Every structure is written in structure tokens, then in C-alpha cells.
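# Structure of the sequence below:
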Amino acid sequence: MSAPPKTVLVATPEEEAAIRQAVRTAQPGSPDSVLAGPEHVPGLVTLLSDPAVSGPIYDLPRPINAETVGTWVAEAQALRQKGEAILFVSLDPAGEVAGYSRFSVWPDRSSAEIVGGRRADLQSRGQGSSGAARSFGWMFEALGVRLVGLTAALDNVRSAKVIEAAGFVRMGERDSVRPDGTIRRSLYWEMTRDQWRALHGT
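As a prediction, the model looks like this:
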């Protein structure tokens with residue numbers, strides 16, 4: 001289950017309302033991405049059934065099947081209407097699900113988190129860093145949050161490199177709670193919107 005960043009910010013009522021509206025109306029930041037819907041459940045099941053994709057990700061429904069993934073997609077749609085989450089899928093040229101990004105948002109804390117994965121045949125192509133940077137910038141600018149917190153499994157070297165290449169500040173470790181209630185120890189990073197803009201010139 002996603003958890004808000006360790007650092008606690010307090011949003012004004014106006015900021016909170018603006019973030020919720022931004023989440024409800026947000027459009028993908030990448031041309032190959034769309035909002036996830038019931039029609040994408042079979043493709044997501046295929047994607048997430050590959051341990052190379054889902055293995056490092058702590059907050060996915062388990063077991064992975066049409067029922068659990070369908071519920072997960074429906075829950076994300078409901079949370080989007082509350083202004084608290086967005087689930088996008090990326091599609092390959094054939095229209096097949098090639099990856100996903102799930103944004104958890106805490107409007108009252110002006111904070112967000114992203115978790116995602118890409119199909120195994122599309123990993124390690126040098127596109128991870130650029131795609132992640134695009135998503136991070138999108139969270140700050142399109143959603144209007146002031147803080148992003150990120151986690152990765154202790155042995156997830158690839159994600160750690162991508163996160164640190166973007167300039168996130170390592171802040172030790174934290175316990176991540178899986179949907180079944182078990183705990184995964186995770187590496188943890190944060191970045192503020194001001195830090196992002198200073199590093200990336202936006």
C-alpha cells in the first residue's frame with residue numbers, strides 16, 4: 001500500500017482543491033500513454049504476470065489475475081474521481097500494454113508517489129531515465145504537488161540508479177506495506193518541486 005512521504009507538508013485548502021482537480025482532469029504526459037480502463041485489464045494481467053516486471057513492485061494486487069487486476073483498475077478510477085490517484089498504461093505500436101504508471105497523491109500534504117513497470121523486452125534500453133524524468137516533472141508541474149517520495153526494493157539497482165540520476169535525495173530506508181499486510185524494507189528518496197526546478201531548469 002502506498003504511503004505518503006516521511007516529510008510532512010501542509011497544503012492550504014486552496015492548494016488541496018487545486019491538486020484534486022488536477023488529478024481528476026490530468027492527461028498523460030507521454031503520447032503513448034492512456035488512462036487505464038477495464039479494456040486494459042487483460043493486457044495488464046499479461047504484463048504483471050511476468051516476475052521481471054512485477055517482482056520488485058510491492059503494492060500490486062496478489063495473486064495477479066483478471067479479478068484482482070480488474071479490482072485494482074476500478075479502485076484507481078474511483079480514487080481519481082476523489083483526486084487521489086491516477087493509473088496510466090503505456091501502449092506499444094501494436095496497441096498492447098507495454099507498461100504502467102500509478103500515481104498516488106495526498107492533496108492535503110501536497111505530495112505524491114509514482115510506482116510503475118515496463119515490459120521486460122523494453123527494459124534496459126536506456127529509456128528508463130528519460131521516461132522517469134518526464135514523469136517526475138509531470139507530477140510537479142501538471143499535478144501541482146510540492147513533494148515527491150519514492151521507494152525501491154533494497155536490491156532494485158536499476159530503479160535506484162534512475163531515481164538518483166534524476167537528483168532525488170536518499171533518505172535512508174522505510175517499511176513498505178504490501179496489500180497482504182506483509183512488510184518490505186525499501187530504499188527511500190524525496191525531492192521538492194523547488195529542488196526539481198533548480199536541477200532541471202523548469
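# Quick one: end-to-end distance for stretch 151-169.
Across its full length, stretch 151-169 reaches 11 Å between end residues, using Cα to Cα, to the nearest Å.
# The chain: strands as residue ranges?
Secondary structure of the chain (DSSP state E): strands located at 33-35, 85-91, 97-106, 111-118, 147-153, 169-177, 183-192.
# Without its sequence neighbours, what residue ends up closest to Val45?
The shortest distance from Val45 to any residue that is not its chain neighbour, by Cβ to Cβ, 6 or more residues apart in numbering, is 5.1 Å, and that residue is Val69. Glycine gets a C-beta too; all of them are placed from N, C-alpha and C.
# correct me, but that neighbour touches Leu48?
Yes: distance between Val69 and Leu48: 6.7 Å, which falls inside the contact criterion (Cβ atoms under 8 Å).
# any shared contact partners between those two?
Between them, Val69 and Leu48 have no joint contacts when contacts are counted by Cβ atoms under 8 Å, 6 or more residues apart in numbering.
# Dihedrals phi and psi, Phe168?
Here the main-chain torsion angles of Phe168 (degrees, to the nearest 10) amount to phi -70, psi 150.
# and it, what is it in contact with?
Phe168 neighbours (Cβ under 8 Å, 6+ apart): Val148, Leu150, Trp189, Glu190, Met191.
# how close does the second one sit to Thr192?
From Leu150 across to Thr192, the span is 13 Å (Cβ to Cβ, to the nearest Å).
# if you count what's nearby, which of those two comes out ahead?
When Leu150 and Thr192 are compared on other Cβ atoms under 10 Å, the one with more neighbours turns out to be Leu150, at 24 against 19.
# That one bridge partners, please.
Beta-bridge pairing of Leu150, defined through DSSP bridges, involves Trp189.
# Tell me how far it lies from Gln81.
If you measure Leu150 against Gln81 using Cβ to Cβ, the figure is 25 Å.
# same check, this time on Ser90
Ser90 sits 22 Å away from Gln81 when distances are taken as Cβ to Cβ.
# Show me which of these two is the more surrounded one.
Set side by side, Ser90 and Gln81 show unequal neighbour counts under other Cβ under 10 Å, the larger going to Ser90 at 22 against 11.
# what's the residue closest to the geometric middle of this structure?
Taking Cα atoms, centre = their mean, the centroid of the chain lies closest to Ile114, which sits 2.0 Å from it.
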